[in-house]
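S.K.: Sequence and computational prediction follow.
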Amino acid sequence: LVTSVRMLSVSATTTSKTLSKLLATTAQQKCTSNITQLRLKHSKRQVKRLFKKNPAYLRVAGRNDALPKLLPPDEPQFQPVYEPKFLVNGWSAPPPPSQYEQIEAFKKSLPFGVQRTGGKPNGAIGFLPVYSDSRIGGKKNTTIIRRITGDKDAFVKELKAVLKMPSNSTEGLRVRASGMTIEVNGNRVREVKTWLASLG
């Protein structure tokens with residue numbers, strides 16, 4: 001009787017170990033299959049490159065009138081108050097003293113602002129923080145605007161109006177995570193600097 005009880009306990013232990021191994025193997029296979037399925041899915045960048053910009057997709061979507069319709073550019077809300085002059089190195093002179101009070105009052109009424117670079121010797125006025133950038137071996141040119149303050153949405157809306165970009169399009173313009181830097185596709189440095197300098 002004792003021997004039979006021991007045999008039953010051993011068989012029960014063996015069965016439980018076998019079941020646990022089987023469950024572990026099944027769970028591992030399921031996890032591996034899930035990982036495989038996740039890896040087989042396209043990333044957002046791949047979907048955009050393979051489908052949204054695919055010539056066949058654009059042709060069919062255009063035939064079915066399914067492409068997003070871009071609205072015409074808005075008119076700039078704030079008109080220039082000063083005609084800036086630039087040096088060869090890109091530095092723009094501040095407004096003359098005769099217009100200082102008028103332009104300062106206008107700048108305070110703006111919902112946004114762009115601070116010039118600091119740290120210049122003898123208290124000199126710095127540059128407008130607008131830079132060009134080149135990537136992918138010179139194939140992709142962008143314009144970077146830094147040190148933005150105030151209402152970012154109002155700044156983006158006015159910038160799109162100045163650069164004649166569709167008002168409902170998000171292509172070609174990115175706001176970086178800090179919120180103080182905006183990147184625009186293409187070399188638009190001269191246009192952006194002229195606009196900012198004309199606002200004082």
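M.R.: Arrived safely, thanks for sending.
S.K.: for the chain, what spans make up the strands?
M.R.: Taking DSSP state E as the criterion, the chain carries its strands at 112-114, 130-135, 140-145, 148-150, 173-175, 182-185.
S.K.: Parallel or antiparallel, list what pairs with the fifth one.
M.R.: It stands for strand 173-175. strand 182-185 (antiparallel) (DSSP bridges).
S.K.: picking that back up, of the strands of the chain, give the one that comes closest to residue 90.
M.R.: Across those, the minimum distance to residue 90, taken as C-beta to C-beta, is reached by strand 130-135, at 8.3 Å. (Glycine included, C-beta is placed from N, CA and C.)
S.K.: Which residues are in contact with residue 80?
M.R.: The contact partners of residue 80, taken as C-beta atoms under 8 Å, 6 or more residues apart in numbering, are 195, 198-199.
S.K.: Highest neighbour count among the residues you listed?
M.R.: Neighbour counts for these, by other C-beta atoms under 10 Å, peak at residue 195, which reaches 22 neighbours.
S.K.: From residue 180, how far out is it?
M.R.: In this structure, residue 195 lies at 18 Å from residue 180, with C-beta to C-beta, to the nearest Å as the measure.
S.K.: Need the strands of the chain in JSON lines (columns: mean pLDDT and distance to residue 106).
M.R.: Compiled in JSON lines, the strands of the chain are given as follows (pLDDT from 0 to 100; distance: least, C-beta to C-beta, whole Å):
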{"stretch": "strand 112-114", "mean pLDDT": "91", "distance to residue 106": "11"}
{"stretch": "strand 130-135", "mean pLDDT": "89", "distance to residue 106": "20"}
{"stretch": "strand 140-145", "mean pLDDT": "92", "distance to residue 106": "20"}
{"stretch": "strand 148-150", "mean pLDDT": "90", "distance to residue 106": "14"}
{"stretch": "strand 173-175", "mean pLDDT": "88", "distance to residue 106": "25"}
{"stretch": "strand 182-185", "mean pLDDT": "91", "distance to residue 106": "22"}
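S.K.: Can you tell me which of these is nearest to residue 44?
M.R.: Between the strands of the chain, strand 173-175 lies closest to residue 44; by C-beta to C-beta that is 14.5 Å.
S.K.: With pLDDT and distance to residue 136 added, can I get the contacts of residue 80 in JSON lines?
M.R.: JSON lines is the format used below for these (pLDDT from 0 to 100; distance: C-beta to C-beta, whole Å):
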{"residue": "195", "pLDDT": "91", "distance to residue 136": "27"}
{"residue": "198", "pLDDT": "88", "distance to residue 136": "32"}
{"residue": "199", "pLDDT": "87", "distance to residue 136": "33"}
